[in-house]
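# Here is my input, please return the structure:
(chains A, B and C)
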Amino acid sequence: MRLRRLPLNLAALAVLVVSVFPVYWMVVTAFKPTRDIQADTPQFIPLHPTLEHFRTAVGADGFGLFWRNSLLVSAGAVLLALAVAMLAAFAVARMRWRGRKAFILMVFIAQMAPWEALLIPMFIIARDTGMLDKLSMLTLIYFIVTLPFTIVTLRGFIAAIPAELEEAAQMDGASRAVAFRRVVLPLLAPGLMSTSLFGFITAWNEFAFANALIIKNQDDRTLPVWLSSFGNIFGTDWGATMAAATLFMVPVLLIFLALQRRVTTGFIAGAVKG
Amino acid sequence: MISEAPETYRPPAGPHTPTRPGPGGRRRAAKVSRAAAAWPYLLVLPTVVGTAYLLLYPLLRNVVISFQHFRTGELIRGGAAFVGLENYQDVLGSPEFWTVVRRTLAWTAVNVVLIMVISTLTALMIARLGRRMRLAVMSALVLTWATPVLAATTIFQWLFQSRLGVVNWLLVTAGFDSFDGYSWFADGDSTFAILVLLVVWQSVPFAALTLYAGLTTIPAELYESARIDGAGSWQVFRGVTFPMLRSLFGLITSLQVIWVFKCFAQIWAISQGGPDDATTTLPVYAFQVAQSLHRYDLGSAISTLTVLILLAVLVVHLRRMYSREGEEL
Amino acid sequence: MRSRFLAAAAVLTITAVLTACSSSTESPGPAGSAAAPTTLTVWVMRDSVSDSLLKSFAADYQAAHSGVTLDIQIQEWDGIGQKVTSALASNDAPDVIEVGNTQVAEYAASGGVKDLTDKAAELNGTDWLPGLAEPGKIDGRQYGIPWYAANRVVIYNKDLFAKAGVTAPPKTRDEWIDITTKLNKGGAQGIYLPGQNWYTLAGFIWDEGGDLAVQEGTTWKGALDTPQALAGMDFYKKLQALGDGPRDSDEANPPQADVFAKGDVAQLISAPGGAVAIEKANPELKGKLGFFPIPGKTADKPGAVFTGGSDLIIPEASKNQDAAYEVVKALAGEKFQTDMAKEMSYVPNRVSLAGVLSGSEGAAAMAVGAANGHATPNSPNWAAVEAKNVIKEYMTAALTGGDAAAEAAKASQVIGEILNTKS
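Numbers count the residues shown, from 1 in each chain, chains lettered A, B, ... in the order given. Below is the predicted model of the structure:
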């Protein structure tokens, strides 16, 4: 029996290593002194761990500011998308109305939008409405980028909650809104979290618009724009580069670790129904 | 309270279902239901307005630009002149465009096939693992999924760095001496391969975890009866698993097609479409033409064509989705 | 009750909108701060002028002009074309922008740059270096104001030369290869030459009598596949092999001054100002850096070099054009030009100021090379050839074992196509 499972476990181990190694290597490199990074034989465990590279990365001009900008923009976009998407997802999952199919199709097609191609129109629109060089414009764009996916997944989550629960609450005299708040919302929480996580990652990562729409007001740059000039900032200093990449990943990682269970199960529930 | 328009609430059929008379009699019910009928439209209003202004409108302007003579001067001064189909003629008449289209289709096919095969195998594997190993593998996949694109591209550049990269070291240690100081990003094919590796690495977790979730919903009895009938594992997959998850497979595949086809950030960060255009896919090509060559008009034409091509690729799925939406809720 | 649900939904949306908006209004953005009546934004390219020089200039300028704050922002070369174009097209552009002399023509032609023709006399325009003034001029109107010029020399590590027993800098290419081979021993690199330093390749091609592209009537033709150009590439390949320069990267990635600063590189091809960055990265190398002109094929003629440099422009979209002009005047004026020439070993923007360079070793080497200075093909589309990395990718292909002639033919065709595009 044990032996029969061996190939299976070996395969699992391979998946494990391939998944984790790149991230592990980033973190390990960030903690190694430069001398060890440049050693002819790579060290797979940092023998002389150091925080030197993290100091370089954090000490680099503007790191804290850009980190904060990214956080504000991403969080703002996600909250906005969740609020708007929840309404739409509810309408799609629970109601029947003329135009529903067309709406669903529209949402699906919206996911195909070639965002990078819209740089110039967006630039012109932002310029003509005085929204250039503003973080709020980025927030709005990230909101619309994440909205379609948010609707699709939330719809799945809402559909997964038996309508009978709400109906029962309404039978007991609760209004539809109350029924929604008391019954649907708590059950929806994991779904909201996992969906918001996806939106957060998308916004947190975005580079092209942040690079094109923040021009003169350089203190409003976001982290990806700043990180894209790694080579210029840290040069051959791979340690600092990896430290900065690690710090870039930290917020996402923290949310993931905190929510991991809910995210996976929640996501799974949503995906299956979607 | 029941007058809270339950008829819009999971009704058996479409919006024209005759309303059930509520306690308040026919007249009141009709009034309420008319108000209630407005509900879904109010709920989707913010989405529609937002999408119209921030997606449809820019898209429209993009299409307009594609029919204009629109270069740096027009961007700065305004006053672009319409040139009819000239830009489209330029694009469609250039052999480079068709090379890029073929490359994009190949890029999408290679990635999506790899992603779907590996994800399916991984999902089937997870379902058979012991509890602890399963948790470990799933956590690892979630970790990969959570890695931001920009961090991932930086990591891959570091892994494949020519002098200090760990991949070259591993290959040389394994006896492939020709990889000593090998510059992966100098060659078109190897850059393409690394990008495929990166995109597959990033995409498998989502697909595998979702498929695994789907697997857990299949009743065990189905498998048992198939086994009793003497089916092998491939036959079980073909006879039970795949049919049960057909729509999930369809959804994930089409999402992957969209994501891979549109993939831009990874390619731009690692190779900017090079070397020698070997990794220039349609989104990268449109960006290059518009932003590097300042030919915004041609770039707009290319991106409009990109959307049309993507729609064409997915039309079968979209049609099936559209007709299916009628039955299921 | 329905209305309550609706209200709740509305509140939710509004809160979200407010959250989104407040996230931007909260950010202070010093550039727009109300502390000073005018803040002028100046864009300077990375490594073009040293930090200390910019700082002292800003301090002096602000002291002399009360109420004016200078916000000097360093821009990266990567993607600069897109950035400057966006700035010119915006409603509130930076007030002064440094642009490379190969790119200024394109911006000047776009209509987004302020016409400064009537200021030329005040700035001693008749005395300007033609290599900077010409590209900034379109149809007789002056848009770009010359800032500085420079061409490449070889910077070398005196210690490593002494250790290898090399006493005199090479005078010809053959000597250059000989001594570099000698220097490329032990842990040291003979020369650090990244594979995509295309300005250097252009010099070698000009030495052979070739060019990057030639104009026949009104039609451009890429010329990388001529026998002369291929001979230039061949020499580049030989030289490049005498060190560990990455073949798939240029001098900015990683910054070559940092590589040289580690102390194990004997030679580097750079503008003499590169020495400032090297000494900043490793102060121990102070006084140990020497300079010589890029050797030519024969001892009587120095190697051909690309005459590089920058102009200053004021965008039409700048909200403080008059104040911006004062900054341009100061940056193009004698005081700053003299300071910059001394600190960075640049050629000042005016011919009559060239005297300030005497006594500088780097500038002397540069002046020898400048006698054989060349320019990139004179077309507003040339910037697009640069932006598309055509030459860089050809170089990498040729250096990593590709068939140089075939690759050159391919690249030449692309160059021709881009240059023949009507704008």
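# Would you mind listing the buried residues in stretch B:150-170?
For stretch B:150-170, the buried set under the neighbour-count rule, 16 or more other CB atoms under 10 Å in any protein chain shown, comprises B:150-162, B:164-169. All C-beta atoms are positioned from the backbone trio N, CA, C, and that covers glycine.
# Return only those of these found close to chain A.
By CB under 8 Å from any CB of the partner chain, the members of the buried residues of stretch B:150-170 lying near chain A are B:L150, B:A151, B:A152, B:T154, B:I155, B:F156, B:W158, B:L159, B:Q161, B:L164, B:V166, B:W169.
# who's in contact with the fifth one?
For B:I155, the contacting residues are A:P22, A:V23, A:W25, A:M26, A:M242, A:A245, B:T147, by CB atoms under 8 Å, 6 or more residues apart in numbering or on different chains.
# secondary structure class for the fourth one?
This means A:M26. A:M26 falls in the helix class when you classify it by DSSP: H, G, I helix; E, B strand; the rest coil.
# mind listing what it touches?
Residues in contact with A:M26 (CB under 8 Å, 6+ apart) are A:M242, A:A245, A:T246, A:M249, B:A151, B:T154, B:I155, B:W158.
# give me that answer again for 6 Å
A:M242, A:A245, A:T246, B:I155 (CB atoms under 6 Å, 6 or more residues apart in numbering or on different chains).
# now for those, which pair is the farthest apart?
Using CB to CB, the contacts of A:M26 span at most 9.8 Å, a distance reached by A:T246 and B:I155.
# In helices, which of the buried residues of stretch B:150-170 fall?
B:150-159, B:166-169 (DSSP state H).
# Which single one of those residues is nearest to chain C?
Comparing those against chain C with CB to the nearest CB places B:Q157 closest, at 10.8 Å.
# Tell me the spacing between the closest one and B:V172.
Applying CB to CB, to the nearest Å, the value for B:Q157 to B:V172 is 19 Å.
# number of nearby residues for the nearest residue to C:V351 once chain neighbours are set aside?
Closest residue to C:V351 apart from its sequence neighbours, by CB to CB, 6 or more residues apart in numbering or on different chains: C:D127 at 5.5 Å. By the measure other CB atoms under 10 Å in any protein chain shown, the count of residues near C:D127 is 14.
# Contacts only, for C:D127.
Contacts for C:D127 were tallied using CB under 6 Å, 6+ apart; they are C:R350, C:V351, C:S352.
# which one of the residues you listed has the most neighbours?
In terms of neighbours by other CB under 10 Å, the contacts of C:D127 top out with C:R350 at 20 neighbours.
# Give the residue spans of chain B that score low on pLDDT.
B:1-35, B:324-329 (pLDDT under 70).
# burial measure for C:T307, as a count.
Neighbour count for C:T307, taken as other CB under 10 Å: 22.
# Chain neighbours aside, what residue packs nearest to it?
C:G373 (3.9 Å).
# Could you pull up the residues touching the one you found?
C:G373 makes contact with C:N151, C:V305, C:T307, according to CB under 6 Å, 6+ apart.
# redo that, cut-off 8 Å
Neighbouring residues of C:G373 by CB under 8 Å, 6+ apart: C:G131, C:N151, C:A304, C:V305, C:F306, C:T307.
# wait, the last one sits on C:T376?
I take that to be C:T307. No. Contact criterion CB atoms under 8 Å: C:T307 and C:T376 do not qualify, at 9.4 Å.
# Just to be sure, C:G186 is in a strand?
No. C:G186 is assigned coil when assessed by three-state DSSP, not a strand.
# confidence score at it?
On pLDDT, C:G186 comes in at 80.
# again, but for C:A324
C:A324 is assigned 94 on the pLDDT scale.
# For it, which non-adjacent residue is closest in space?
What sits nearest to C:A324 in space, not counting adjacent residues and going by CB to CB, 6+ apart, is C:D95, at 3.7 Å.
# Settle this for me: the one you found is touching C:T38, isn't it.
No. The pair C:D95 and C:T38 fails to qualify as a contact (CB under 8 Å) at a distance of 9.1 Å.
# which stretches of the stretch 201-350 of chain C form helices?
Secondary structure of the stretch 201-350 of chain C by DSSP state H, counting those that start in this stretch: the helices cover C:227-240, C:256-261, C:274-281, C:321-332, C:334-344.
# same check, this time on the stretch 101-250 of chain A
Using DSSP H, counting those that start in this stretch, helices in the stretch 101-250 of chain A cover A:119-128, A:135-160, A:163-171, A:176-179, A:185-205, A:208-213, A:223-227, A:230-234, A:238-273.
# could you give me the average pLDDT of the last one?
Just to be clear, that refers to helix A:238-273. 72.
# Close to chain C: what parts of the stretch 51-200 of chain A are there?
Within the stretch 51-200 of chain A, the positions near chain C by CB under 8 Å from any CB are A:69, A:72-73, A:75-77, A:79-80, A:82-84, A:86-87, A:123, A:127, A:130, A:132-136, A:139-140, A:143, A:175-178, A:180-181.
# Return the members of the residues you listed classed as buried.
Applying 16+ other CB under 10 Å to these flags A:69, A:72-73, A:75-77, A:79-80, A:82-84, A:86-87, A:123, A:127, A:132-136, A:139-140, A:143, A:175-178, A:180 as buried.
# just to revisit the earlier point, OK, contacts around the residue nearest to C:A324?
For C:D95, the contacting residues are C:L40, C:T41, C:V42, C:I314, C:P315, C:S318, C:K319, C:N320, C:Q321, C:A323, C:A324, C:V327, by CB under 8 Å, 6+ apart.
# Would you convert these into JSON lines that also reports neighbour count?
JSON lines is the format used below for those (neighbours: other CB atoms under 10 Å in any protein chain shown):
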{"residue": "C:L40", "neighbour count": "24"}
{"residue": "C:T41", "neighbour count": "25"}
{"residue": "C:V42", "neighbour count": "22"}
{"residue": "C:I314", "neighbour count": "27"}
{"residue": "C:P315", "neighbour count": "25"}
{"residue": "C:S318", "neighbour count": "26"}
{"residue": "C:K319", "neighbour count": "14"}
{"residue": "C:N320", "neighbour count": "17"}
{"residue": "C:Q321", "neighbour count": "15"}
{"residue": "C:A323", "neighbour count": "19"}
{"residue": "C:A324", "neighbour count": "25"}
{"residue": "C:V327", "neighbour count": "23"}
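# Of these, which is the nearest to B:G274?
Of those, the one sitting nearest to B:G274 (CB to CB) turns out to be C:P315, at 30.9 Å.
# Tell me how far C:W198 lies from chain B.
Here C:W198 is placed at a distance of 14 Å from chain B (CB to the nearest CB, to the nearest Å).
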